[in-house]
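Enquirer: just coords:
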């Protein structure tokens, strides 16, 4: 090209390579010697971010290579939008580990500087971070006993027809497998005691949900044994229940009749409730961990005639007459024997009994209830002696003494009183 003046101008090349430049100056029709040099044209790098096929919220993605198109030795400058760079070598474009914690639209942009100093255009790639499916569930009971069941209920967002589920129930039996929906509810039980982790993962054909976990605990039911039904007499003790089992705890009701209501084999003692037989039911609750079972036994309590009475108030000997009766009601079929002042009286009540002597008198009552031990009780009554009238001789002596005493005091009749073996005499002094 020829230019009439020494001015600056721009030249560009469309293809890389080495180009020769020559400059010659013409003055007054004379052409000077040319000046020759060369220039090298380099490629402008083109960079491309290797975007993942899909991105799920919270997912950690490693991209190798992270970008392509630039020569070895190029320097990459990145803007990862709302992603977090967890590792790799983004500066040389070889690898990168990224995580997007927020769902929605975002981007990644990159520019590259070649070793020759050529800077690429910025490659900005729009991205869509997909929200995870919302999966969750409840179980009706975390603690199962024996073959009891629990209900697994999916509580996440309503599943679409394309939603897939992955369940883990351990070795559970799904009791309603043939009738429930793909996402449940599921009725579960287990064949043996143990600890069973369970979880669910939902997939919407793009992303997996978080893994939602829980645990079910299964314990065998204890064997509860209250023992056989019994027949005892009121007031007697009898052992109930069975020998203890290691790891079991026990609790009996009603507790007030038992020697040790928190043991496997307490002694039951039923008091007398009245004049008729009584049926008392005992319930034992046997527990192993969080599992319990009840068992029931009955004790038929024979009413026992108690030998007890209240002694009557004291009476005077003359015309004494006492009534004796049991304090408690008379139990049908029993017998009562009174022992009073050497008399044995077989009757329930004694009326108008007269003691032949005064003083402290013992009364005993013995009762017999068929099939039960005899009962015995003793008490006392007091028979007070009647007053005795003095003899005539004593009255005469008293009268003379009184007369003598009155005269002596009046100084009218000095005398002396002489006592002898045959009586007494009064003589003047």
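Expert: It's in. This structure is a prediction, so every number in the text was calculated from the model and none was measured.

Enquirer: what sits against the closest residue to residue 384 other than its chain neighbours?
Expert: Leaving out its chain neighbours, the residue that sits closest to residue 384 by Cβ to Cβ, 6 or more residues apart in numbering is residue 316, at 5.0 Å. Where C-beta positions appear, they are placed from N, C-alpha and C, glycine not excepted. Shown in contact with residue 316 (Cβ atoms under 8 Å, 6 or more residues apart in numbering): 383, 384, 385, 386.

Enquirer: Any chance of CSV for those, columns pLDDT and distance to residue 268?
Expert: Putting those into CSV (pLDDT from 0 to 100; distance: Cβ to Cβ, whole Å) gives the following:
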residue, pLDDT, distance to residue 268
383, 95, 45
384, 95, 48
385, 93, 52
386, 88, 54
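
Enquirer: from those, which ones fall inside strands?
Expert: Counting by DSSP state E, the contacts of residue 316 place 383, 384 in strands.

Enquirer: Can you tell me which of the contacts of residue 316 are buried?
Expert: Buried subset of the contacts of residue 316 (neighbour count, 16 or more other Cβ atoms under 10 Å): residue 383.

Enquirer: I'd like a version of the contacts of residue 316 in CSV, one that adds distance to residue 263 as further columns.
Expert: As requested, the contacts of residue 316 are arranged in CSV below (distance: Cβ to Cβ, whole Å):
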residue, distance to residue 263
383, 53
384, 56
385, 59
386, 63
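
Enquirer: Count residues in the vicinity of the residue nearest to residue 115 when sequence neighbours are not counted, would you?
Expert: In this structure, residue 115 finds its nearest non-sequential neighbour in residue 73, 4.2 Å apart by Cβ to Cβ, 6+ apart. Neighbour count for residue 73, taken as other Cβ atoms under 10 Å: 10.

Enquirer: how far away is the residue nearest to residue 384 from residue 386?
Expert: Distance of residue 316 to residue 386, given as Cβ to Cβ, to the nearest Å: 6 Å.

Enquirer: And for residue 313?
Expert: Residue 313 is 17 Å from residue 386, where distance means Cβ to Cβ.

Enquirer: and if you look at residue 328?
Expert: 35 Å.

Enquirer: shaky segments in the stretch 51-200 of the chain?
Expert: The stretch 51-200 of the chain contains residues with pLDDT under 70 at 160-162.

Enquirer: gap between the residue nearest the centre of the chain and residue 148?
Expert: Closest to where the C-alpha atoms of the chain average out (Cα atoms, centre = their mean) is residue 290, at 6.9 Å. Between residue 290 and residue 148 the computed distance is 11 Å (Cβ to Cβ).

Enquirer: Surely residue 164 touches residue 207?
Expert: No. Proximity of residue 164 to residue 207 does not meet the contact threshold set by Cβ atoms under 8 Å, at 11.3 Å.

Enquirer: which of the two has more neighbours?
Expert: Neighbour count, other Cβ under 10 Å: between residue 164 and residue 207, residue 207 has more, with 19 against 14.

Enquirer: who's in contact with the more buried one?
Expert: Neighbours of residue 207 in contact, by Cβ under 8 Å, 6+ apart: 54, 56, 57, 59, 130, 131, 132, 133.

Enquirer: ok, now with 10 Å
Expert: Residues in contact with residue 207 (Cβ atoms under 10 Å, 6 or more residues apart in numbering) are 54, 55, 56, 57, 58, 59, 103, 129, 130, 131, 132, 133.

Enquirer: Then residue 336?
Expert: 305, 307, 309, 324-326, 330, 345-350, 365-368, 375.

Enquirer: mind checking the SS state of it?
Expert: Following DSSP: H, G, I helix; E, B strand; the rest coil, we place residue 336 in the strand state.
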